[in-house]
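J.: The amino acid sequence is not available; the structure is as follows:
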């Protein structure tokens, strides 16, 4: 029995799947035709490629499945199709895209809100403004919010805003609980 090269007919390129033995008909003693195999020799193996049996001959097809690349804008793509090539202008590592001024300002504003809420959550802030708490707690809440908003205003006015880490503690007030 002869070894044949099998291929997967359900794929676009009829990709090589392995070797199979040619079966012989027990009555006629003739080879049984296989619709998914050929006796045509494979091409030499080539890294990064698979072989497909198209139009009666073996051909190489790029196998980049699973390979990731990025556009200039940082959009990540993953190759899923056999034969798909990585575009020439693709980046193989995520590009470092600097924040815009408005994005950095949004980060600073979010950091301010987070820091205020760490010590006076929104319910506490509402209770303080409604007078549910005593004068001291109400004053402490107002002072904490005011000091963080002042720090935010100072941050947003800096010329080096895009070069600094707006989450760094050095830019924000330290909470001191005077109600104890």
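T.: Received, thanks. This structure is a prediction, so every number in the text was calculated from the model and none was measured.
J.: quick one, helices of the chain?
T.: 101-119, 122-130, 135-156 (DSSP state H).
J.: what angle sits between the first one and helix 135-156?
T.: Going back to what we said before, that points to helix 101-119. 160 degrees (axes from the mean of the first three to the mean of the last three C-alpha atoms, to 10 degrees).
J.: tell me what helix 101-119 is packed against?
T.: helix 135-156 (3 or more C-beta pairs under 8 Å, 6 or more residues apart in numbering; DSSP states H and E). For glycine as for every other residue, the C-beta is placed from the backbone atoms N, C-alpha and C.
J.: picking up where we left off before, let's have the helices of the chain in CSV, adding mean neighbour count.
T.: Listed next are these as CSV, based on neighbours: other C-beta atoms under 10 Å:
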stretch, mean neighbour count
helix 101-119, 15
helix 122-130, 14
helix 135-156, 16
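J.: and the angle from the helix or strand bottoming out on mean pLDDT in the chain to helix 135-156?
T.: Every helix and strand of the chain was ranked by mean pLDDT, DSSP states H and E. The lowest is helix 122-130, at a mean of 86. If you take the same axes, to 10 degrees, helix 122-130 sits at 120 degrees to helix 135-156.
J.: what's near enough to touch the residue nearest to the spatial centre of the chain?
T.: For the chain, residue 76 is the residue whose C-alpha lies nearest the centre (C-alpha atoms, centre = their mean; 6.1 Å). Neighbouring residues of residue 76 by C-beta atoms under 8 Å, 6 or more residues apart in numbering: 68, 69, 70, 94.
J.: Among these, which one sits closest to residue 27?
T.: residue 68 (54.4 Å; C-beta to C-beta).
J.: Model confidence score at that closest one, please.
T.: If you check residue 68, the pLDDT there is 96.
J.: next one: residue 174
T.: For residue 174, the predicted pLDDT is 89.
J.: swap in residue 94?
T.: 92.
J.: how close does it get to residue 75?
T.: Counting by C-beta to C-beta, to the nearest Å, the separation of residue 94 from residue 75 is 10 Å.
J.: all strands of the chain, in order?
T.: Here the chain has its strands, by DSSP state E, at 3-7, 16-21, 37-38, 49-54, 57-62, 68-70, 76-78.
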